[in-house]
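Q: Let me see the structure of the following:
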Amino acid sequence: MEDAGDPITNDLITEEDDPPPYPFSHCYMNIDGFMCCNRFLESLMRKSFRKLQIGEHFHECSVQKIANKIQSDSEHVFNTTFETVVGIDDFAIRAHFAGDLMCKIQEGGRFITNYATMMPSRIGVRPDPLAVVTNMEINTRDGNKKPSPIDPATPKQLDGAVQHVQVPDQKRPRIIKENIPFHEKSREDIENDNLITRR
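A: Sure, this is the predicted structure:
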């Protein structure tokens with residue numbers, strides 16, 4: 001009778017590593033099979049591409065034009081700097097992005113990654129303590145696995161630091177809070193107080 005071999009070294013069974021966890025609990029896999037962390041950003045990217053595609057002077061080979069359009073639209077809406085990468089084939093990317101503003105899509109046969117970058121610090125201006133920089137790895141094939149410095153509980157903690165975007169046509173929601181000591185007020189509370197006193 002033939003020896004079946006050691007079950008640990010069986011050639012028919014291969015171990016697959018789980019994909020790295022998403023940086024935020026609200027990140028998701030879009031219809032193209034890529035990670036996005038902001039649905040509004042994904043929608044904006046798709047609309048920008050389609051508007052450009054409808055235009056007269058559009059050609060599928062002009063990936064720079066696609067990148068410029070999506071980048072400028074994203075910067076205008078979110079009021080921060082963006083980096084946009086467009087490729088004719090799927091590509092791997094490793095970067096840091098600000099907040100939850102990151103998305104990769106496939107539209108019109110082009111692979112598009114768009115993410116917010118950290119604004120460079122200016123001399124004399126303190127960095128924003130609420131700014132969140134998130135590590136991103138998509139489709140990277142790195143044989144040197146390093147343990148993640150972020151524990152599994154961290155993404156849920158980071159969710160509270162993400163700044164939600166207000167659509168330009170929306171009225172700003174007013175939250176009435178009474179008798180909050182100044183040292184317990186958030187930045188938003190102070191801004192609301194300033195808006196009320198200016199009127």
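Q: Where in this structure is the helix or strand with the lowest mean pLDDT?
A: Least confident helix or strand, the chain: helix 154-159 with a mean of 48, by mean pLDDT, DSSP states H and E.
Q: Touching, L41 and N114? I think so.
A: Yes. Counting by C-beta atoms under 8 Å, L41 touches N114, with 6.8 Å between them. Backbone N, C-alpha and C define where each C-beta goes, glycine included.
Q: between the two, who's got more neighbours?
A: N114 (27 against 24; other C-beta atoms under 10 Å).
Q: For the residue lying closest to R46 once chain neighbours are set aside, give me the pLDDT.
A: Spatial nearest neighbour of R46, excluding adjacent residues (C-beta to C-beta, 6 or more residues apart in numbering): E107 at 5.9 Å. Looking at E107, its pLDDT is 92.
Q: which residues does E107 bridge with?
A: When bridges are called by DSSP bridges, E107 pairs up with R110.
Q: what residues are up against it?
A: When contacts are counted by C-beta atoms under 8 Å, 6 or more residues apart in numbering, E107 is found next to 45-46, 49-50.
Q: So which of these belong to helices?
A: 45-46, 49-50 (DSSP state H).
Q: Just among those, which is most surrounded?
A: Top of these by neighbour count (other C-beta under 10 Å): M45, with 26 neighbours.
Q: Is it correct that that one is in contact with I70?
A: Yes. Assessed by C-beta under 8 Å, M45 is found in contact with I70 at 5.4 Å.
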